[in-house]
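# Give me coordinates for this.
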Amino acid sequence: MGSAVASLIDSSSAISSWIAVGALALVALVGIVHLWRTNARIAQRTQILEVELAERRRIEAQLEAVQAELEERVRERTRSLEARNRELSQLRLTLETANQRLRRLVIIDALTGVANRRHFDRELERELRRSRRDELPLSLIFLDLDEFKKFNDTYGHARGDEVLRNVARTLNETFRRAGDFVARYGGEEFAIVLPGLDARRAALYAERLRRRIWQEAIAFEAVTNGRVTISAGVSTITPPMLATADELLRAADQALYRAKCLGRNQIASAPVVPVSAVDASKAAS
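Numbering: from 1, shown residues only. The predicted structure follows:
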């Protein structure tokens, strides 16, 4: 009986051992299955991540291509705008140049390069207002070339135009103070506005000009002295005298007529007589 019990015990131990082994095997199997599943999930997740990464790289490549295209478009647009700006700048410069030429044509005598009659009228009015405001004298020299029609008939208008340009140049060289204003009044007539000069000094300037023209000895064989000469009339407004531009011009023209009557190549002066003074004189008489 003892041996039977021992055999039974040995059998139970063997069964327990097999059960333990089976349990371990089962645990191992479960672990292997779990590990396989985990690896499968990891592989699946890795594959998904690789797909996502590939897609992301594809999208990034597309974005880079789009960005590069946009940058190229921006550069092209920038170059186009820069070219347009240069074109506009050139057009603006051309327009400003044309406007300057137009303004010059409006105020400058095309033949002689000095101011024209229209500009002279505006400048004289402006200087008259300044003379009244600052209580300073204002003188005007009105001159023309003696027997210039005969000169043109003798030498032709081309030669006459050359003489007019020469006289204009001499005027600019003679009257160089700030404020002195030289203009071609019309034909062979010129006018010079002299702000701040009294009648005596204005007459001296006119005489200096007459001598310079004489010394240039421009040949004119059809007249007695054999050269081109000028005659000039001088008029002056001295504060508190009030006179208009027409009255100042009329006095200078009368002085010029007197110089002609004295034999030409002369300087003469005449007082400015305001219309108000003439009306008062008539009323008194």
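# May I have the secondary structure class of I192?
When classified by DSSP: H, G, I helix; E, B strand; the rest coil, I192 comes out as strand.
# who does it bridge with?
Listed by DSSP bridges, the beta-bridge partners for I192 are I141, V182.
# and it, what does it touch?
By Cβ atoms under 8 Å, 6 or more residues apart in numbering, the residues touching I192 are 140-141, 143, 171, 175, 180-183, 205. Heads up, the C-betas are built off the backbone N, CA and C, glycines and all.
# all helices for the stretch 101-250 of the chain, in order.
Counting by DSSP state H, counting those that start in this stretch, the stretch 101-250 of the chain has helices at residues 117-134, 148-155, 157-174, 199-216, 245-261.
# burial count for L249?
Neighbourhood size, L249 [other Cβ atoms under 10 Å]: 20.
# ah, wrong one, I meant Q67
10.
# secondary structure element for it?
Assessed by DSSP states H and E, Q67 sits inside helix 2-107.
# Next, the angle from that helix to helix 117-134.
Here helix 2-107 runs at an angle of 90 degrees relative to helix 117-134 (axes from the mean of the first three to the mean of the last three Cα atoms, to 10 degrees).
# and helix 2-107, what other elements does it pack with?
For helix 2-107, the elements it packs on are helix 117-134, judged by 3 or more Cβ pairs under 8 Å, 6 or more residues apart in numbering; DSSP states H and E.
# what mean pLDDT does the helix it packs on have?
Confidence over helix 117-134 (mean pLDDT, whole number) is 95.
# What residues of that helix count as buried?
By 16 or more other Cβ atoms under 10 Å, the buried positions in helix 117-134 come out as 119-121, 123-124, 127-128, 131-132.
# picking that back up, just put the helices of the stretch 101-250 of the chain in CSV and tack on distance to L63.
Output for those, formatted as CSV (distance: least, Cβ to Cβ, whole Å):
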stretch, distance to L63
helix 117-134, 67
helix 148-155, 84
helix 157-174, 72
helix 199-216, 83
helix 245-261, 78
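# do you know which of those helices lies nearest S16?
For S16, the closest of those is helix 117-134, at 133.2 Å, according to Cβ to Cβ.
# between the contacts of I192, which is nearest L35?
Nearest member of those to L35, counting by Cβ to Cβ, is F181, at 110.5 Å.
# where's the closest one relative to H119, distance?
Separation of F181 from H119 (Cβ to Cβ, to the nearest Å): 9 Å.
# again, but for D146
For D146, the distance to H119 - Cβ to Cβ - is 26 Å.
# Just list the residues touching R210, thanks.
Residues in contact with R210, defined by Cβ under 8 Å, 6+ apart, are 229-230, 232, 265-267.
# got a markdown table for those residues, with distance to A83 and pLDDT too?
Formatted as a markdown table, the contacts of R210 follow (distance: Cβ to Cβ, whole Å; pLDDT from 0 to 100):
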| residue | distance to A83 | pLDDT |
| --- | --- | --- |
| T229 | 61 | 95 |
| I230 | 57 | 96 |
| A232 | 58 | 97 |
| N265 | 64 | 95 |
| Q266 | 66 | 95 |
| I267 | 63 | 97 |
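# Is it possible to get JSON lines of those that adds neighbour count?
Converted to JSON lines, the contacts of R210 look like this (neighbours: other Cβ atoms under 10 Å):
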{"residue": "T229", "neighbour count": "17"}
{"residue": "I230", "neighbour count": "26"}
{"residue": "A232", "neighbour count": "28"}
{"residue": "N265", "neighbour count": "20"}
{"residue": "Q266", "neighbour count": "21"}
{"residue": "I267", "neighbour count": "26"}
